[in-house]
Structure formats: structure tokens, C-alpha cells
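[1] Pasting a predicted model and its sequence here:
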Amino acid sequence: MSEKKPKIGILTVSDRASRGEYEDLSGPAIEACLREYIATECQYEIKVVPDEIPTIIEAIHSFADEGCGLICSTGSTGPARRDVMPEAMEQVCDKLLPGFGELMRKVSLDYVPTAILSRQTAGIVKRSLVVNLPGKPSSIRVCLDAVFPAIPYCIELAEGPYLEGNDAVVKVFRPKKK
Amino acid sequence: MSEKKPKIGILTVSDRASRGEYEDLSGPAIEACLREYIATECQYEIKVVPDEIPTIIEAIHSFADEGCGLICSTGSTGPARRDVMPEAMEQVCDKLLPGFGELMRKVSLDYVPTAILSRQTAGIVKRSLVVNLPGKPSSIRVCLDAVFPAIPYCIELAEGPYLEGNDAVVKVFRPKKK
Amino acid sequence: MSEKKPKIGILTVSDRASRGEYEDLSGPAIEACLREYIATECQYEIKVVPDEIPTIIEAIHSFADEGCGLICSTGSTGPARRDVMPEAMEQVCDKLLPGFGELMRKVSLDYVPTAILSRQTAGIVKRSLVVNLPGKPSSIRVCLDAVFPAIPYCIELAEGPYLEGNDAVVKVFRPKKK
């Protein structure tokens, strides 16, 4: 009843949004998407940080320490000089999961040939799964549609909270226990 | 006649199997599969080790030093805390071959969406090709079917022994000499 | 009129070609291909170096310092002992772009199962995009067909020169400005 709701962290990485030069639309778009996909009632928190490796790492650690089973980031995954998310991921993650990036690029390629420029990845930090998502709301959904079915089981393997998928929207998969 | 048969090493990585808590079924499943795929008569050896990076590396080095052209491992490739095979691979391999993991994940995705959680890879250690396979016998075959056609030629490029494929089961490919 | 033409660097990595034991056919094949794909008049330079990491890195740095927006290499991406391009890339690149290698292996798999042995990748060095291509002229075209649509926009993101694609041959893609 009064059990603590699982926490989910959303990290918008953008110099301009962090300076208030424009409104963060990507973070709220991820939250809206996840609220649809996850049947379990969760507590969502959005942080907005500039494209700086130490700040990104600090934000991810802080989400992980607060017990977020899932941390979704948006932004800073391209080939430009200020795009540093993959470098932060390499430093902060205990394990990297290359299959997420491969699949997200593959499904995005059906829409734009520049999908190969994305350096999105995913990984485990302590007991949290961190997934890098694109910035554009429509692309966020394309990527989450592809990888979400594997996310709740991955969080379980990482010893995070149990999340129920919303069957009407997405089909979460868990292998049968041996 | 009394020529030395090529050696093949099989490495089961599992805390519980190494403690004898359950029987290793994956190692023998890989051996059975390879005996079908490889027409050349080979000598197979199975080692069972716990999910510990130094022990895994030692076992791979020992197989490589015994002249195994091919070393297939099973287990420890997921996102859980004790899954350390990819970290061992990064340390032990002279070269990593990302194309193996990409293709094994791709073909496994036709069966389960959690295929993206696998961190399987392959690489070269001295003159040996090391390939990480899944644990489930049916998944072992799915992955080997996909990558085996490239394995004998890869072993040749790594200066290992010549292996003949069993044409009735799998079509081994070797580019024509220039 | 007398504006400086954008520069493009082509790097043939081959012990034998660098010793003059055979003619470099791959470098000129890449140049011919790029001249077809790029409508902008460019200045092309081909360098031939042996399979040695420091020499490769030096050549890439020198192309980057001369302002080459695009640097295409050929050779040294396989699993053999002398194949060292990916190791040089890891050292020389400010950012690696795994999507290029994934897509080039994927399209090459339609021709040969040994495509998974290629360790081709791409990355950013200063303001230059470096792309590893295969050695065989027909394979060069297969790979460039797949990744070229994303190349001019990638060079822009890396703050390199503006390149116009030749619409009759390849459809270059640039996302609409936000």
C-alpha cells in the first residue's frame, strides 16, 4: 500500500536546455512514453545537465544511488565536438550492453540514413540500467518500441525493481525460469 | 595417419556448474554441435570454470597454448553482476571481432527480444579464435549456424589449423586466393 | 573561383603495396568512387603506408591537419596478425562511430559470410571523418553505397567542409534544421 514506488530517472543532456535557452521537450517526451509503457506506478524525476562528462556522470550516479532501476538519457550522442554521452557511459558503466545501440540504430535506419551517426548505447551502473535515447520525440518512441521489451528483465538481472509492462502498448518479455 | 588432430577447446563459465551444483549441459552441447559442423577429426576438451575474470583468462590462455584453433565459451555474457565474460575477453584478446556479436544478437532477436542483453563477442588470442556462445543448447545452434561459415577461414587468418566444414550441415566459406 | 577546394585523404594500408611489391589498386578505386559520389570539386591525395600503428596514426593526423574533411582508409581491418587498423583507430580517434562498421558488415553479409571478420569502423579526428573501407574494389562500392548518404552531414557536424552529393548516384541526407 504505502510501499515505495520504483524510481525512474530521466537525464536531458543539453548545453542550451541546461542554460534555459530553450525548453527541455525531450525529457518530458521520454516520461510520457515510459508512463504509457510501464504499468507499475513509478516516480519519475527529470534532470537537465550540460554536455560535460563529469556532470553527466554525477547525475547518473545520483540517480543510481537514489535507487532508479531505469535511467533514460537524451542527447549528446552524435559525432559533434560537444557530444560526449558515449564517453561518459564508458566511464560510468560497470558493464556496457552493445545490443541496445545496435538495435536502436537499426530501427532508426528505416527512417533516416544518418542513424549510423548516433553513438547511443546502454549499460549497467550499480543496480540501474542506463539507456541513451535520441532527442526527437518521434525518434524516442521508435527506439523505445524496439528495446523496451527487454528492459524490465534486464533491470531484474541487474537486481533492480520489478516493472510490469503495459501489455496494450508493448510486449515485455521474460524468459521462463529454469 | 598418426598426424596430430587439431584441438578444440570448450569453456563452460558458470559458478554453479564449477562447484558441481548442477551438471554442465552447455559444454557437451557445443561439442556435439561442433562435431556435426566440422568434418576434420578433432580433439575436444571441455573445461568448467567459475565466473571469475582471472580464471577465465587462465583457461583461455591454456587452451591457446595447447594449440586450440577454436575456443568456444558458454555463459557469463549477460548484464548480471557475476557476468564477466566480455570483460575477460577485452583483457585476453589480441583483437576483438565485433561482427560475431552483432550477428549472433541479430539472429537471436528472431527468437527473443532479450537477445539485446547478450554481450557475446569473439576475438583472437595468439593463433586461436575465441567465440562466446549462449548457454541454452537451442540458442547455441542458432548462433553457430549464423557465424560458423566464417570460422574456418578466420582460424586460417589467425594462423591456426585447417578445418574442413561438413557440407551436409553447414556451408563453410573461403574467399578465392588473389 | 580561386577558392580552395575541399581536400579528401585516401590511405592505403598495406605492407606489400608500401614496399612496391604490388600496385595499389584500392586507393585509386576509392578515389574513382568518391569522384562519382561527390558533386563538389575536391582535391584528392592518396598515401600508401605499411601495417604499422604509428605510421597509420601519423598519416591520419597529417591528413587531418591539412584540412581533409573526409579520410577513407583501405586495408588492415581483418583478424590477421598484421591487421592493425582498428587498433590505430581506437588510438587516433577523438570519437568512434560504431554505426558505420555495423552497417558495412551488414550489407557485406549479403555477399560473403566472412563479412563478420571485418573490423572496419569510423571515427572523428579533429574536424575529419575517418572511414575504414575494404580492399576489394567491388566491396568498396557496396560499403560506400550504404554509408555515404550520412557522410556529408557527419562532416558538417564535425565542423569540416560542405560536400554536395551527386544525386544521380547517391542520395545524401541532411536533417532539416530545427
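    Looks like it came in fine. Residues are numbered from 1 along each chain as shown, chains lettered A, B, ... in the order given.

[2] Count residues in the vicinity of the closest residue to chain C within chain A, would you?
    Residue nearest to chain C within chain A (C-beta to the nearest C-beta): A:Ile116, separated by 3.3 Å. Quick note: C-beta positions are derived from backbone N, CA and C, even for glycine. By other C-beta atoms under 10 Å in any protein chain shown, 27 other residues sit near A:Ile116.

[3] That one: what's it in contact with?
    Contact analysis of A:Ile116 by C-beta atoms under 8 Å, 6 or more residues apart in numbering or on different chains lists A:Arg105, A:Leu109, C:Leu97, C:Gly99, C:Phe100, C:Glu102, C:Leu103, C:Val147, C:Ala150.

[4] Give the helix, strand or coil label for it.
    Three-state assignment for A:Ile116 (DSSP: H, G, I helix; E, B strand; the rest coil): helix.

[5] where's the residue nearest to it when sequence neighbours are not counted relative to chain B, distance?
    The shortest distance from A:Ile116 to any non-neighbouring residue, by C-beta to C-beta, 6 or more residues apart in numbering or on different chains, is to C:Gly99 (3.3 Å). Note on C:Gly99: its distance to chain B, by C-beta to the nearest C-beta, to the nearest Å, is 11 Å.

[6] Check C:Gly99 and give its pLDDT.
    At C:Gly99, the predicted lDDT confidence score is 98.

[7] dump the residue contacts of it.
    A:Gly101, A:Arg105, A:Ala115, A:Ile116, A:Leu117, A:Ser118, A:Arg119.

[8] and if we set it to 7 Å?
    Contact partners of C:Gly99, counting by C-beta atoms under 7 Å, 6 or more residues apart in numbering or on different chains, are A:Arg105, A:Ala115, A:Ile116, A:Leu117, A:Ser118.

[9] looking at this, it is in a helix?
    Yes. Assigned with three-state DSSP, C:Gly99 falls within a helix.

[10] Just want the most central residue of chain A.
    The centroid of chain A falls nearest to A:Cys72 when counting by C-alpha atoms, centre = their mean (2.0 Å).

[11] So what's the residue count around A:Glu41?
    Neighbour tally, A:Glu41, other C-beta under 10 Å: 10.

[12] pLDDT at it, what is it?
    97.

[13] for the one 4 residues further on, same thing?
    Residue-level confidence at A:Glu45 comes out at 98, pLDDT.

[14] Also A:Ser138?
    Predicted confidence (pLDDT) at A:Ser138: the value is 88.

[15] how many neighbours does it have?
    By the criterion of other C-beta under 10 Å, A:Ser138 has 9 neighbours.

[16] Contacts only, for A:Gly123.
    Here A:Gly123 is in contact with A:Met89, A:Cys93, A:Lys95, A:Leu96, A:Leu97, A:Val130 (C-beta under 7 Å, 6+ apart).

[17] Mind checking which of those residues are in strands?
    Those of the contacts of A:Gly123 mapping onto strands are A:Lys95, A:Leu96, A:Val130, per DSSP state E.

[18] Run through the strands of chain A in chain order.
    With DSSP E as the criterion, chain A has strands at A:7-13, A:43-49, A:68-74, A:95-96, A:122-125, A:128-133.

[19] Quick one: closest of those strands to C:Glu23.
    Taking C-beta to C-beta as the criterion, C:Glu23 comes closest to strand A:95-96 out of the strands of chain A, the separation being 41.9 Å.

[20] now A:Arg16: how far from chain B?
    Going from A:Arg16 to chain B by C-beta to the nearest C-beta gives 32 Å.

[21] Quick one: residues contacting that residue.
    Here A:Arg16 is in contact with A:Tyr22 (C-beta under 7 Å, 6+ apart).

[22] A:Ser118 now?
    A:Thr77, A:Gly78, A:Arg105, A:Ser108, A:Pro134, C:Gly99 are the contacts of A:Ser118 under C-beta under 7 Å, 6+ apart.

[23] What of A:Thr77?
    A:Asp83, A:Met85, A:Pro86, A:Ser118, A:Arg119, A:Gln120, A:Asn132.

[24] Please list the residues of chain A that sit near chain B.
    For chain A, the residues found near chain B under the criterion C-beta under 7 Å from any C-beta of the partner chain are A:95, A:97-100, A:102-103, A:124, A:147, A:149-150, A:153-154, A:157-159, A:173, A:175.

[25] for stretch A:25-33, which positions count as buried?
    Neighbour counts using 16 or more other C-beta atoms under 10 Å in any protein chain shown place A:Ser26, A:Gly27, A:Ala29, A:Ile30, A:Glu31, A:Cys33 of stretch A:25-33 among the buried residues.

[26] Please apply the same query to stretch A:83-101.
    Going by neighbour count (16+ other C-beta under 10 Å), the buried part of stretch A:83-101 is A:83-89, A:92-93, A:95-101.

[27] From one end of that stretch to the other, what's the distance?
    Length of stretch A:83-101, first residue to last, C-alpha to C-alpha, to the nearest Å: 16 Å.

[28] what about A:Val13, how many residues close to it?
    A:Val13: 29 neighbours (other C-beta under 10 Å).

[29] So what pairs up with it in the strands?
    Here A:Val13 sits in beta bridges with A:Val49, as judged by DSSP bridges.

[30] List the contacts of it.
    A:Val13 neighbours (C-beta under 7 Å, 6+ apart): A:Val49, A:Asp51, A:Ile56, A:Ser73, A:Thr74, A:Gly75, A:Ser76, A:Met85.

[31] which one of these is nearest A:Ala168?
    Among the contacts of A:Val13, A:Thr74 lies closest to A:Ala168 (C-beta to C-beta), at 24.7 Å.

[32] How about the closest one, nearest residue that isn't a chain neighbour?
    That would be A:Ser26: by C-beta to C-beta, 6+ apart, it lies 4.1 Å from A:Thr74.

[33] same thing with A:Ala17?
    In this structure, A:Ala17 finds its nearest non-sequential neighbour in A:Asp24, 4.4 Å apart by C-beta to C-beta, 6+ apart.

[34] Quick check: A:Leu144 touching A:Glu31?
    No. Checked against C-beta atoms under 7 Å, the pair A:Leu144 and A:Glu31 is beyond contact range at 11.7 Å.

[35] What's the end-to-end length of stretch A:100-118?
    For stretch A:100-118, the end-to-end distance is 12 Å (C-alpha to C-alpha).

[36] brain fart, stretch A:152-172
    By C-alpha to C-alpha, one end of stretch A:152-172 lies 7 Å from the other end.

[37] Give me the subset of the buried residues of stretch A:25-33 that lies in helices.
    Among the buried residues of stretch A:25-33, the ones falling in helices (DSSP state H) are A:Ser26, A:Gly27, A:Ala29, A:Ile30, A:Glu31, A:Cys33.

[38] Enumerate every residue touching the closest residue to the third one other than its chain neighbours.
    Nearest in space to A:Ala29, with sequence neighbours left out and distances taken as C-beta to C-beta, 6+ apart, is A:Pro137 at 3.9 Å. For A:Pro137, the contacting residues are A:Leu25, A:Ser26, A:Ala29, taking C-beta under 7 Å, 6+ apart as the criterion.

[39] Name the residues of chain A found near chain C, please.
    Looking at chain C, the residues of chain A close enough under C-beta under 7 Å from any C-beta are A:78-81, A:101-102, A:105, A:112-119.

[40] Got a PyMOL select line for the buried ones in those residues?
    Per 16+ other C-beta under 10 Å, the buried members of these correspond to this PyMOL selection:
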select buried, chain A and resi 78+79+80+101+102+105+112+113+114+115+116+117+118+119
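
[41] Which one of the residues of chain A next to chain C is nearest to B:Gly9?
    Distances from B:Gly9 to these, taken by C-beta to C-beta, are shortest for A:Glu102, at 27.9 Å.
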